[in-house]
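Novice: just need the structure, nothing else, for what follows:
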Amino acid sequence: VGTTPSLFSVNFESEPHTKRYSTTWNEEVTGILSTSLSLVEHTMLLSETTDWIVEHWPKATLPLAAYTAVYLGLFVYPADPNIFWIWLQIPLYWIHQFEKHLFPGGISSFVNVRVLGSSDGDRPLTSRRTFWASVPLPWIAFPASAILA
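Specialist: Okay, the predicted model is just below:
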């Protein structure tokens, strides 16, 4: 019997009744394990990235609002003033979010300490809950409705 490479190759000439693993199988197992590890690493990286976004998204609203307002004024207003006024609500709301979530101390700590009487400024209204309550509407629904207008 010849030594044809396969997933499991059997060599009866040199060592009867023993299976030896081909390099193809070893490479395949190594590839699977390294892929699994990289999936775990990617999941951890995604979790860290999500945590960073949840914590720092309000800081992006003011520069994004300024950039968007300038863009709207330069390119959208000359083309169609009505569309300009529809789209202008988005950077205005982002300015509102900037002041609401960052000054003075943010809405989360105000609600937690003053309204709910919590001693912890980040409980029960956490940064993650504030993110999910504040981001989908102005960052997804407003632009979608402006596109549909």
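
Novice: tell me the contacts of Ile90?
Specialist: Thr68, Pro138, Phe142, Pro143, Ala146 (CB atoms under 8 Å, 6 or more residues apart in numbering). Yep, even glycine has a C-beta here, placed from its N, CA and C like the rest.

Novice: what about 10 Å?
Specialist: Residues near Ile90 by CB atoms under 10 Å, 6 or more residues apart in numbering: Leu64, Ala65, Thr68, Ala69, Leu72, Pro138, Trp139, Phe142, Pro143, Ser145, Ala146.

Novice: which among the residues you listed gets closest to Ser119?
Specialist: Nearest to Ser119, judged by CB to CB, of the contacts of Ile90 is Pro138 at 30.9 Å.

Novice: surely that closest one forms part of a helix?
Specialist: Yes. The assignment for Pro138 (DSSP: H, G, I helix; E, B strand; the rest coil) places it in a helix.

Novice: need the contact list for it.
Specialist: Thr61, Gln89, Ile90, Pro91, Leu92, Tyr93, Trp94, His96, Gln97.

Novice: so where do the strands sit in this protein?
Specialist: 8-10, 19-21 (DSSP state E).

Novice: just to revisit the earlier point, for the contacts of Ile90, give me TSV that also has pLDDT.
Specialist: Output for the contacts of Ile90, formatted as TSV (pLDDT from 0 to 100):
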residue	pLDDT
Leu64	95
Ala65	96
Thr68	96
Ala69	98
Leu72	97
Pro138	79
Trp139	83
Phe142	85
Pro143	87
Ser145	86
Ala146	84
